[in-house]
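Enquirer: Quick one, what's the 3D model for this:
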Amino acid sequence: MKEKLYEIPLNDAMDTGEECPFCFLERKTEQELMDFVLGSCASYMESDTRESTDKEGFCRMHQKKMFDYGNALGNGWILKTYYKKLIKEMKEEFQGFAPGKTSFKDRLKGKSGNENSIQSWVEEKEKTCYICDRFSERYERYRATFFHLYKKDSAFREKLKAGKGFCLHHFGDLCQGADQYLSDGERKEFYPIIFNLMEQNMERVSGDIDWFIEKFDYANKDADWKDSKDAVQRGMQKIRGGYPGDPVYRLK
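Expert: Take a look at the predicted model:
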């Protein structure tokens with residue numbers, strides 16, 4: 001069956017043999033977005049990009065990754081216009097602020113007064129991130145493509161069955177996606193496959209961690225490491241996703 005362009009990233013991720021193909025796609029997409037925002041193409045100098053980064057900002061995690069990326073001047077330019085917009089908005093919020101009244105009874109119970117508009121404004125600012133938001137858009141397409149391929153491509157289903165499963169985070173997303181994208185009959189077939197896949201591979205990783213620890217016993221000093229040398233980082237990934245053992249991603 002001829003592969004369509006939008007199917008390639010999912011098939012490539014399934015072919016990597018990674019602990020979680022969606023973690024692989026997440027890392028790849030994040031690095032592409034970092035390259036776009038701060039790389040040699042200097043997109044941060046384009047007005048439409050800066051308009052978006054000024055509006056959305058960056059979350060704490062991606063702010064740190066951008067600093068580690070290494071383009072101090074690029075980060076400076078992004079911060080320059082972001083700060084100007086932020087300060088303008090902040091002044092407007094301050095001008096319209098009125099402290100809420102708190103009764104004596106509420107104070108005794110530790111309750112605050114009316115909703116604090118400044119806190120709400122800060123909370124809204126922290127809900128958006130230029131990189132997170134764009135990855136979320138791609139991720140939903142990847143998830144939809146996964147179920148599209150699962151339904152129509154027998155070779156893809158075999159890849160799934162022979163794979164290493166998923167991290168717990170992306171496994172949960174797939175369970176939700178199954179209810180969204182599969183019929184009742186398709187779900188009855190899908191869930192046993194993915195449950196078995198997760199059980200087998202969680203047991204596999206758990207066994208690798210066990211052997212990693214056993215290797216520190218003097219009696220096993222000459223024994224083969226088997227597949228346990230990177231068991232800790234893979235074990236962490238399987239539980240929470242991501243790549244704990246990755247080096248910092250830097251400007252090439």
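
Enquirer: And the helices in the stretch 51-200 of the chain?
Expert: 60-69, 72-95, 104-108, 117-125, 130-152, 154-162, 168-181, 184-214 (DSSP state H, counting those that start in this stretch).

Enquirer: May I see these arranged in TSV, with mean pLDDT and mean neighbour count as well?
Expert: C-betas here are computed from N, CA, C, even on glycine. Formatted as TSV, the helices of the stretch 51-200 of the chain follow (pLDDT from 0 to 100; neighbours: other Cβ atoms under 10 Å):
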stretch	mean pLDDT	mean neighbour count
helix 60-69	97	15
helix 72-95	94	13
helix 104-108	56	9
helix 117-125	92	12
helix 130-152	97	17
helix 154-162	96	14
helix 168-181	97	15
helix 184-214	98	14
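
Enquirer: Using TSV, lay out those together with distance to residue 25.
Expert: Putting the helices of the stretch 51-200 of the chain into TSV (distance: least, Cβ to Cβ, whole Å) gives the following:
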stretch	distance to residue 25
helix 60-69	17
helix 72-95	25
helix 104-108	48
helix 117-125	28
helix 130-152	6
helix 154-162	14
helix 168-181	9
helix 184-214	17
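
Enquirer: Which one of these lies nearest to residue 40?
Expert: Among those, helix 72-95 comes nearest to residue 40, with 9.9 Å by Cβ to Cβ.

Enquirer: just checking, what packs against the closest one?
Expert: Applying 3 or more Cβ pairs under 8 Å, 6 or more residues apart in numbering; DSSP states H and E, one finds that helix 72-95 contacts helix 21-38, helix 47-56, helix 60-69, helix 117-125.

Enquirer: For these, give me CSV that also has distance to residue 147.
Expert: Output for the helices and strands packed on helix 72-95, formatted as CSV (distance: least, Cβ to Cβ, whole Å):
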stretch, distance to residue 147
helix 21-38, 13
helix 47-56, 29
helix 60-69, 28
helix 117-125, 33
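
Enquirer: Which one, of those helices, ends up nearest to residue 146?
Expert: Within the helices and strands packed on helix 72-95, the stretch nearest residue 146 is helix 21-38; the backing value is 8.2 Å (Cβ to Cβ).

Enquirer: which one of the helices and strands packed on helix 72-95 lies closest to residue 183?
Expert: Closest to residue 183 of the helices and strands packed on helix 72-95 is helix 21-38 (Cβ to Cβ; 22.7 Å).

Enquirer: Give me the contacts around the closest one.
Expert: The set of residues external to helix 21-38 that reach it, using Cβ atoms under 8 Å, 6 or more residues apart in numbering, is 9-10, 13-14, 16, 18, 41, 43-44, 49, 53, 65-66, 69, 71, 74-75, 78, 130-131, 134-135, 138-139, 142-143, 163, 166-167, 170, 173, 237, 241-243, 246, 249, 251-252.

Enquirer: Also stretch 120-131?
Expert: Contacts for stretch 120-131 (Cβ under 8 Å, 6+ apart): 30, 33-34, 37, 52-53, 55-59, 62, 86, 89-90, 93.

Enquirer: can you check stretch 162-181 too?
Expert: Applying Cβ under 8 Å, 6+ apart, the contact partners of stretch 162-181 are 14, 17-23, 143-144, 146-148, 186-187, 190-191, 194, 197-198, 200-202, 204, 237-242.

Enquirer: Tabulate the CA atom coordinates of that stretch in PDB.
Expert: Extracted C-alpha coordinates of stretch 162-181, given in PDB (Å, rounded to 0.1, in the frame of the first residue of the first chain):
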ATOM      1  CA  ALA A 162       5.700  -6.000  17.600                       C
ATOM      2  CA  GLY A 163       6.700  -2.700  19.100                       C
ATOM      3  CA  LYS A 164       7.800  -1.700  22.600                       C
ATOM      4  CA  GLY A 165       4.500   0.000  23.600                       C
ATOM      5  CA  PHE A 166       4.200   3.500  24.800                       C
ATOM      6  CA  CYS A 167       5.100   5.700  27.800                       C
ATOM      7  CA  LEU A 168       2.200   5.800  30.300                       C
ATOM      8  CA  HIS A 169       1.300   9.400  29.400                       C
ATOM      9  CA  HIS A 170       0.900   8.700  25.700                       C
ATOM     10  CA  PHE A 171      -0.800   5.300  26.400                       C
ATOM     11  CA  GLY A 172      -3.500   7.300  28.300                       C
ATOM     12  CA  ASP A 173      -3.900   9.600  25.300                       C
ATOM     13  CA  LEU A 174      -4.300   6.600  23.000                       C
ATOM     14  CA  CYS A 175      -7.000   5.100  25.200                       C
ATOM     15  CA  GLN A 176      -8.900   8.400  25.000                       C
ATOM     16  CA  GLY A 177      -8.300   8.500  21.200                       C
ATOM     17  CA  ALA A 178      -9.600   5.000  20.800                       C
ATOM     18  CA  ASP A 179     -13.000   6.200  22.200                       C
ATOM     19  CA  GLN A 180     -12.900   9.100  19.800                       C
ATOM     20  CA  TYR A 181     -11.700   7.500  16.500                       C
END
